[in-house]
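Participant: predicted model and sequence follow; I will ask about them next.
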Amino acid sequence: MEETYSPAPRKVTIVGVPMDLGADRRGVDMGPSVVRIAGLSSKLAELGYVVEDLGNIPVALAETRPPAAADAKHKYLAEVAKSNAILADCVEGILESGSIPVILGGDHSIAIGSVAGVASYYRRRGQRIGIIWIDAHADINTPESSPSGNIHGMPLAVLLGYGPEALTRIGGFSPKVLPEDCVVIGVRQIDKGERQLAQQLGLRIYTMRDLDERGMNAIMDEAIALVTRHTVGFHATFDMDFVDPYYAPGVGTPVPGGGTYRESHLAMEKIHDSGKMLSVEIVEINAVLDVLNRTGELGAELLLSALGKKIL
C-alpha cells in the first residue's frame, strides 16, 4: 500500500497582553479575556491548528502606578516599556519554536513589543519585515506631538525609530521597520503632528476615502504588494476601532464612518491568502464599553479569517 504524505499540523501560540496603561479609558485590559471567551482556541483547533496559549504577559495595574509628573508626555513609560520588552522576548521565542504568534491586546502600545520580537527574529537572519496596520488612527504621534501623552497613539512612530529610547531600543536596535515597508489602512482621524511626520517619511496611509473610492480588495492587494517588496513578510495588527462602531461598539476611541463587517473580514482573508503573514494581533477591545461581547466575538472571528477560515 502506497504511503501518503501528511504535512505536520500548523502551530499557533496565543499570548495576551492586558495593557491599558497606554490609553486613557479603562476596560481594554480585559481584551484578551473576551477574545478567549469567544472560543478562539477551540475554533483555531477546528481549522487544523495545534494551539498553545501562554496566558498573559504581566502588566502593572494603573491603580498602583500613578503617572509621574515627568511622564506627562509619555504616560506610564517605564511600565509600558517593561511589559513590551517581555512581550518582544516572548514573540521571538514563539517564532523560534516554529509557531505563529497570535497576540491579544490590550491597547495598541503592545504593538511595540510584538513587532520588536518579530523584527529581532528575522533581523538575526538578515531579513527585514513589513507591517500592515489597520486602524482608524495613524498612531505615529511622538511625545512632542501627542495632545494626550497616551502611548497607544505612538507605537508606529516608535517602531519607525521616533520616541523615547526606552521604547525605540527594545531588543537593542532601532528602527524595527522602514517606512517603505509599512502601510496604514482605514485612517479617519489624524493629529497635526502625525500628518507632518507621515508626509516627512513618505508613509503610505490609506484613508477611509481611499477605501470608499477604490474598495478594500484593491487596497489590500496594493498594500500587501508594498509591504512584501523587500521583506520576508509582515506583521498584521488590527485595531478594532477600524471597524465602524455599529459593528464594534466596545472600543475606547470610536470614530464614526469605519469599516463594515465584511470589509474587515475581507482585509483579514486577503492577509491570509497572501501567505506572507508572520504574526497577527487584535487590539483595543474595551469590554466595559461592549454590548454582549459583540466586539470580542468579532475580534476572534477576524483572527480566524487571518488564519485561514473561509466561507467555503
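Facilitator: That came through fine. Residues are numbered from 1 along each chain as shown.

Participant: so what's the residue most central in space within the chain scoring on pLDDT?
Facilitator: What sits nearest the mean C-alpha location of the chain, by CA atoms, centre = their mean, is residue 237, with 2.6 Å. Residue-level confidence at residue 237 comes out at 98, pLDDT.

Participant: same question, residue 4
Facilitator: Here, the pLDDT recorded for residue 4 equals 54.

Participant: next: residue 9.
Facilitator: Residue-level confidence at residue 9 comes out at 74, pLDDT.

Participant: element containing it, please.
Facilitator: Element membership for residue 9, per DSSP states H and E: none, as it lies in no helix or strand.

Participant: quick check: it touching residue 51?
Facilitator: No. The criterion here is CB atoms under 8 Å, and residue 9 misses it with residue 51 at 9.8 Å. Any C-beta I mention is one placed from the backbone N, CA and C, and that applies to glycine too.

Participant: out of those two, which sits in the busier spot?
Facilitator: residue 51 (19 against 10; other CB atoms under 10 Å).

Participant: and that one, which of the three is it?
Facilitator: Look at residue 51: counting by DSSP: H, G, I helix; E, B strand; the rest coil, its state is strand.

Participant: and residue 143, how far from residue 302?
Facilitator: From residue 143 across to residue 302, the span is 31 Å (CB to CB, to the nearest Å).

Participant: please enumerate the helices of this protein.
Facilitator: Across the chain, reading from the start of the chain, the helices by DSSP state H fall at 31-37, 40-46, 77-96, 111-123, 155-159, 165-168, 192-201, 208-214, 216-227, 261-274, 294-306.

Participant: closest one to residue 252 among the ones you listed?
Facilitator: Set against residue 252 and scored by CB to CB, those come closest in helix 31-37, at 10.0 Å.

Participant: counting contacts, what elements does the closest one pack onto?
Facilitator: strand 11-17, strand 100-105, strand 277-283, helix 294-306 (3 or more CB pairs under 8 Å, 6 or more residues apart in numbering; DSSP states H and E).

Participant: right, and those - which one's nearest residue 59?
Facilitator: Checking the helices and strands packed on helix 31-37 against residue 59 by CB to CB gives strand 11-17 as the closest, at 6.6 Å.

Participant: how close does the closest residue in space to residue 255 that isn't next to it in sequence sit to residue 207?
Facilitator: Taking CB to CB, 6 or more residues apart in numbering as the measure, residue 255 lies nearest to residue 136, with 4.5 Å between them; neighbours along the chain are not counted. To residue 207, residue 136 is 10 Å away according to CB to CB.

Participant: now residue 296
Facilitator: Taken as CB to CB, the span from residue 296 to residue 207 is 27 Å.

Participant: now do residue 255
Facilitator: Distance, residue 255 to residue 207, by CB to CB: 12 Å.

Participant: anything in contact with each of these two?
Facilitator: Contact with both residue 255 and residue 207 is made by residues residue 188, according to CB atoms under 8 Å, 6 or more residues apart in numbering.

Participant: isn't residue 294 up against residue 251?
Facilitator: No. Residue 294 lies out of contact with residue 251 (CB under 8 Å); the separation is 11.0 Å.

Participant: pull up the distance across stretch 54-62, start to finish.
Facilitator: With CA to CA, to the nearest Å as the measure, the first residue of stretch 54-62 is 23 Å from its last.

Participant: rounded mean pLDDT for that stretch, please.
Facilitator: For stretch 54-62, the mean pLDDT works out to 94.

Participant: buried residues, it. List them.
Facilitator: The neighbour-count check on stretch 54-62 (16 or more other CB atoms under 10 Å) flags 56-57, 59, 62 as buried.

Participant: just name the most buried of the helices of the chain.
Facilitator: Across the helices of the chain, the average number of neighbours (mean count of other CB atoms under 10 Å) peaks for helix 155-159, which reaches a mean of 30.

Participant: by contact count, what packs against it?
Facilitator: helix 111-123, strand 130-134.

Participant: and it, how far from the chain's centre?
Facilitator: Relative to its chain's centre, helix 155-159 lies at 12 Å (CA atoms, centre = their mean, to the nearest Å).

Participant: ok so, going back, in a markdown table, list the buried residues of stretch 54-62 along with distance to residue 226.
Facilitator: Output for the buried residues of stretch 54-62, formatted as a markdown table (distance: CB to CB, whole Å):
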| residue | distance to residue 226 |
| --- | --- |
| 56 | 33 |
| 57 | 30 |
| 59 | 33 |
| 62 | 37 |
